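Student: Starting from these lines, generate the structure:
(2 chains)
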Amino acid sequence: RKEVEQDPGPFNVPEGATVAFNCTYSNSASQSFFWYRQDCRKEPKLLMSVYSSGNEDGRFTAQLNRASQYISLLIRDSKLSDSATYLCGGVTDSWGKFQFGAGTQVVVTP
Amino acid sequence: DAGVTQSPTHLIKTRGQHVTLRCSPISGHKSVSWYQQVLGQGPQFIFQYYEKEERGRGNFPDRFSARQFPNYSSELNVNALLLGDSALYLCASSLEAAYGYTFGSGTRLTVV
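Tutor: Down below sits the predicted model:
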């Protein structure tokens, strides 16, 4: 089983709608989770950190559920420019080993 | 401030050859990790180095090796290249893992 798993999608979202997707992790000792955005053939770029208390950055909200071992990302008022692959990643050992899920593709349509 | 820089940006090699990819982390970042990303998949962890020591290794064959230099730059070496090694190789650096990693723009390796 992979340490970090995501639904690959694609999630087809009308412009202006809300979309949410999850990422699960298998190691309960994992910590320090993040969401990254990756555009086609580009490097991943840090979108936001994920805290147990949840955190919000504009239209983006991230949440961590340690009991069920998943993290989530919600995008409100989707823009065409939100179309991308969203990668979740987490530190999976005490040395800081950072692993990613396969990514969730989001396609925002006019 | 310079971000994470990788060289070369693109590379074409023949099966059986050797390749060396280079990475310079953000100034002050002592942790460097290498990832392989095949089209349509997430980045796969290859190596992590911290203070010139290997701290983690992913599920890759011994043909893959790496090292970190005193200035914290790093090299990834791949011997006996296979067609399946064709991928985007990403380097990422971090001040501390809890702050997340910053990626370079990658080296796109094509093995023919």
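Student: residues touching B:Leu81, list them.
Tutor: By Cβ atoms under 8 Å, 6 or more residues apart in numbering or on different chains, the contact list for B:Leu81 reads B:13-19, B:111. Using the backbone N, CA and C atoms, a C-beta is placed for each residue, glycine as well.
Student: ok, B:Asp85 to B:Asn77 distance?
Tutor: Taking Cβ to Cβ, to the nearest Å as the measure, B:Asp85 falls 12 Å from B:Asn77.
Student: What parts of chain A come near chain B?
Tutor: Contact residues (Cβ under 8 Å from any Cβ of the partner chain) of chain A with chain B: A:4, A:6, A:31-32, A:34, A:41-46, A:49, A:87, A:89, A:91, A:93, A:95-103.
Student: quick one: the strands in the chain?
Tutor: Since you didn't name a chain, this refers to chain A. Counting by DSSP state E, chain A has strands at residues A:4-6, A:11-14, A:19-25, A:31-38, A:45-50, A:55-57, A:60-65, A:70-75, A:84-91, A:98-100, A:104-109.
Student: that's the other chain; I wanted chain B
Tutor: Here chain B has its strands, by DSSP E, at B:5-7, B:10-13, B:19-24, B:31-37, B:44-50, B:53-57, B:64-68, B:74-78, B:87-94, B:102-103, B:107-111.
Student: Could you dump those into CSV with mean pLDDT and mean neighbour count added?
Tutor: Formatted as CSV, the strands of chain B follow (pLDDT from 0 to 100; neighbours: other Cβ atoms under 10 Å in any protein chain shown):
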stretch, mean pLDDT, mean neighbour count
strand B:5-7, 97, 17
strand B:10-13, 98, 13
strand B:19-24, 98, 19
strand B:31-37, 97, 25
strand B:44-50, 95, 22
strand B:53-57, 93, 15
strand B:64-68, 98, 18
strand B:74-78, 98, 20
strand B:87-94, 97, 24
strand B:102-103, 96, 20
strand B:107-111, 98, 18
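Student: Could you export those strands to CSV, including columns for distance to A:Val108?
Tutor: Shown next, in CSV, are these (distance: least, Cβ to Cβ, whole Å):
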stretch, distance to A:Val108
strand B:5-7, 30
strand B:10-13, 30
strand B:19-24, 33
strand B:31-37, 23
strand B:44-50, 27
strand B:53-57, 36
strand B:64-68, 37
strand B:74-78, 35
strand B:87-94, 24
strand B:102-103, 23
strand B:107-111, 27
